[in-house]
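S.K.: coordinates only, sequence not included:
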């Protein structure tokens, strides 16, 4: 086993050489034996998950059978595009940049979102910035959502979102992930390739994805790896420092937004350990000691993880048949 | 509104919108919505919206806890406190 643990909590340490071999071997087997496709399409956001997936795809098949897609829109940070290009060039794969802003504009994505924000902040206009943050889970409350806006003068305001406004904002912004997936499948169809889904274990477990958006894919190579393991894997694979050191963001809202403030109760390193502890039967006291929170907070973190699993179970479900039909061939 | 009227209003809201039935035996006032899977956290937010719309009861963020909202009995106790 390699002695390089990349600063991982000991419970999350894995042998990265073996893991890379296992994942890439399975990717080839799945592509050939189950999906019957000739290569992979991968959307590259410049984030850690898609970067590691792209690198694994190249390790599995070589750069000529992997096609990359960069799909910025008007709220994407310029950094994400730069990192996406940096990675595509680092890996030596063919890629294309498709700006999806006009498609989103045509679908009314921005209009619907801005109108819903104006339910709460009537002065809001499209030159303001916005983001949504989650509150409640760590304090044992029901999770609820606040909208934060910033006017061109740099003044910030925050208010709780009424349910209808929240649902409309999320529904509108979900168009971003769904339009991207439409393009991924366009390219996959024209090459006869399979689409890679890039959730890590935290995202998969806690339902942090859009149904029929980024949640849709033919293969999910890292959905069993905790987020800290994905960061470590990026270093192990020798990805550029700018990618390995990036902070996880949603890259969906115009104000900078960490994934923990949008969705997870804790920063990812602690969330990883919390989910691991829950999955491995550790007590609230053990979790509290491991990640330096109070026992009461540990109890609320466990409840929050279970609540999110319950709330997002629907996202994992395929269409449910009234009477299951078995197909043989 | 009387406690009995509130109880019926809340029960009917849950039965009609989450269980899709008018069979009163399907809902026990003591059962946790979350533990029994009748509601998830999004369902609780819908319930909060319903309390505001139908009973003009504003749920403050500090009050968004299961002890106030997670069963018919908890809701009735909470409404009584809020309207006392």
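M.R.: Okay, I see it. Note that the coordinates shown come from a computational prediction; the quantities given were computed from them, not determined experimentally.

S.K.: Correct me if wrong, but residue A:131 is in a helix.
M.R.: No: read with DSSP: H, G, I helix; E, B strand; the rest coil, residue A:131 is strand and lies in no helix.

S.K.: list the contacts for it?
M.R.: A:147-148, A:253-257, A:261-262 (CB atoms under 8 Å, 6 or more residues apart in numbering or on different chains). (Glycine included, C-beta is placed from N, CA and C.)

S.K.: can you tell me which of those are in strands?
M.R.: A:147-148 (DSSP state E).

S.K.: Let me know whether the helix or strand bottoming out on mean pLDDT in chain A sits next to chain B.
M.R.: In chain A, no helix or strand scores lower on mean pLDDT, DSSP states H and E than helix A:259-262, which sits at a mean of 70. No: judged by CB under 8 Å from any CB of the partner chain, helix A:259-262 stays clear of chain B, getting no closer than 15.1 Å.

S.K.: could you point out which element follows that helix?
M.R.: Later in the chain than helix A:259-262, the nearest helix or strand by DSSP states H and E is helix A:268-279.

S.K.: what sits up against the least confident helix or strand of chain A?
M.R.: Residues from elsewhere that reach helix A:259-262, judged by CB under 8 Å, 6+ apart: A:131-134, A:208, A:248-250, A:253, A:266-268, A:271.

S.K.: And these, which is closest to chain B?
M.R.: The nearest member of these to chain B, counting by CB to the nearest CB, is residue A:134 at 10.4 Å.

S.K.: Show me what the one helix or strand that closest one maps to pairs with in its sheet, parallel or antiparallel.
M.R.: For residue A:134, the host element (DSSP H and E) is strand A:129-135. Paired neighbours of strand A:129-135 in the sheet (DSSP bridges): strand A:144-150 (antiparallel).

S.K.: Identify the residues contacting the longest helix seen in chain B?
M.R.: Criterion DSSP state H: the longest helix present in chain B is helix B:41-55. The contact list for helix B:41-55, computed with CB under 8 Å, 6+ apart, reads A:142-144, A:162-164, A:166, A:307-308, A:310-311, B:1, B:6, B:9, B:13, B:17-18, B:33-34, B:39, B:57-59, B:64, B:69-70, B:75, B:79.

S.K.: what ranges of the chain fall below the confidence cut-off?
M.R.: Just so you know, I chose chain A. A:1-4, A:250, A:261 (pLDDT under 70).

S.K.: wrong one, I was asking about chain B
M.R.: Low-confidence segments of chain B (pLDDT under 70): B:1.

S.K.: switch the cut-off to 80
M.R.: Along chain B, segments meeting pLDDT under 80 span B:1-2.

S.K.: Get me the contact residues on it for chain A.
M.R.: Taking CB under 8 Å from any CB as the measure of proximity, chain B contacts chain A at B:34, B:37, B:40-42, B:44-46, B:48-49, B:61-62, B:64-66, B:69.

S.K.: Which of those are buried? Put it as a ChimeraX command.
M.R.: This is the ChimeraX syntax for the buried subset of these, where burial follows 16 or more other CB atoms under 10 Å in any protein chain shown:
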select /B:34,40,41,42,44,45,46,48,64,65,66,69
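
S.K.: okay, among the residues of chain B next to chain A, which ones form the most distant pair?
M.R.: B:37 and B:62 (26.2 Å; CB to CB).

S.K.: Spell out which parts of chain A neighbour chain B.
M.R.: A:135-136, A:140-144, A:160, A:162-164, A:166, A:307-308, A:310-311.

S.K.: Give me the subset of the residues you listed that lies in strands.
M.R.: If you go by DSSP E, the residues of chain A next to chain B have A:135, A:144, A:160 in strands.

S.K.: Buried ones among the residues you listed?
M.R.: Once neighbours are counted (16+ other CB under 10 Å), the buried part of these comes down to A:135, A:144.

S.K.: Of the ones in strands among the residues of chain A next to chain B, which is the nearest to residue A:281?
M.R.: residue A:135 (29.0 Å).

S.K.: is it true that that closest one touches residue B:61?
M.R.: Yes: counting by CB atoms under 8 Å, residue B:61 is a contact partner of residue A:135 at 7.0 Å.

S.K.: Give me the common contacts of these two.
M.R.: In contact with both residue A:135 and residue B:61: A:141, A:144, using CB under 8 Å, 6+ apart.

S.K.: So which residues of chain A form strands?
M.R.: A:40-43, A:66-70, A:94-97, A:129-135, A:144-150, A:156-160, A:194-195.

S.K.: Mean neighbour count, these: which tops it?
M.R.: A comparison of these by mean neighbour count, using mean count of other CB atoms under 10 Å in any protein chain shown, puts strand A:40-43 on top with a mean of 28.
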